[in-house]
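**Q** quick one: sequence plus predicted model below, questions after.
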Amino acid sequence: MSDFKLTFQEEVRRLARKEVKAASETLAAQQKTIRELTKRIEALEKKQAVAVPVVLKADKPAEVVVPAKSGKARFSPKTIIKFRKKYGISQKGFAALLGVATFTVSHWELGKNRPRATQVAAISALTKLGKRKVAALLAEKAPAEVAKKPTKAAKPAKADKPAKKARKPRAPKAAKTVAVAAPAVATDKVITVKP
């Protein structure tokens, strides 16, 4: 009977060790997954720090605009000029949107300097926004620039405009000729005087 008892105890210990080993392997795999996910989260937080915050309304939380491509965005001074003209934004207002100095934007447009990669991504994100979002963002970051912006007056209809007077072409001025007699010489000299 004691043999049976010993055999039973050994079998229970063997099965318990097997269960503990399986559970510890599962735990190790889960710990490895947690470490990998932690690294991914840190990488995403670094990318998010580069993104441009955009606030649509004051009562809503900020939305973050992340550039669509994680690769290098291209930059051209013409892009900034075209964007500013399209939305009627001054260099000062554009600088306020990006958080840089006004002369920096001027140097970018003249091609003297090139923006950093983070700034290129921010410019790219701004150019993809709509007119209302840009206006809301400008109102938040540079309210003085929005106040300076002149309101557009209604243009008069074509019928209301007075007709332009046609100009008469001017005739070229003729040169005057004056005859002067020379006292010592027997011939007359002709002198042309221009007005």
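**A** Yep, that arrived.
**Q** could you point out the longest helix in this structure?
**A** Ranked by residue count and defined by DSSP state H, the top helix of the chain is helix 2-50.
**Q** helices or strands up against it?
**A** Using 3 or more Cβ pairs under 8 Å, 6 or more residues apart in numbering; DSSP states H and E as the contact test, no helix or strand touches helix 2-50. In short, each C-beta sits where N, CA and C put it, glycine included.
**Q** and the average pLDDT for it is what?
**A** For helix 2-50, mean pLDDT rounds to 90.
**Q** ok, now stretch 97-117?
**A** Stretch 97-117 shows a mean pLDDT of 87.
**Q** how about stretch 141-155?
**A** If you average the per-residue pLDDT over stretch 141-155, you get 55.
**Q** would you map the strands across this protein?
**A** With DSSP state E as the criterion, the chain has strands at 52-54, 63-65, 176-181, 188-193.
**Q** quick one, domains of the chain?
**A** As assigned by automatic domain parsing, the chain contains the domains 1-50, 63-148.
**Q** so which of these is the most surrounded?
**A** domain 63-148 (a mean of 15; mean count of other Cβ atoms under 10 Å).
**Q** hmm, back to that, residue 170: which of the domains of the chain is closest?
**A** Comparing these against residue 170 with Cβ to Cβ, the closest turns out to be domain 63-148 (37.5 Å).
**Q** from residue 44, how far off is residue 75?
**A** Between residue 75 and residue 44 the distance is 25 Å, computed by Cβ to Cβ, to the nearest Å.
**Q** do the same with residue 17
**A** Taken as Cβ to Cβ, the spacing of residue 17 relative to residue 44 amounts to 41 Å.
**Q** from one end of stretch 97-113 to the other, what's the distance?
**A** Between the opening and closing residues of stretch 97-113 we find a distance of 18 Å, counting by Cα to Cα, to the nearest Å.
**Q** I figured residue 101 hits residue 95, correct?
**A** Yes. Counting by Cβ atoms under 8 Å, residue 95 is a contact partner of residue 101 at 6.0 Å.
**Q** residue 135 and residue 39, how far apart?
**A** According to Cβ to Cβ, residue 135 and residue 39 sit 40 Å apart.
**Q** now residue 96
**A** Counting by Cβ to Cβ, the gap from residue 96 to residue 39 is 36 Å.
**Q** quick one on the thing from earlier: export the domains of the chain as JSON lines, with columns for distance to residue 170.
**A** Compiled in JSON lines, those are given as follows (distance: least, Cβ to Cβ, whole Å):
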{"stretch": "domain 1-50", "distance to residue 170": "64"}
{"stretch": "domain 63-148", "distance to residue 170": "37"}
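**Q** so which of those comes closest to residue 166?
**A** Using Cβ to Cβ as the measure, domain 63-148 is the one of these that comes nearest residue 166, at 33.4 Å.
**Q** to residue 168, which of the domains of the chain lies closest?
**A** domain 63-148 (37.8 Å).
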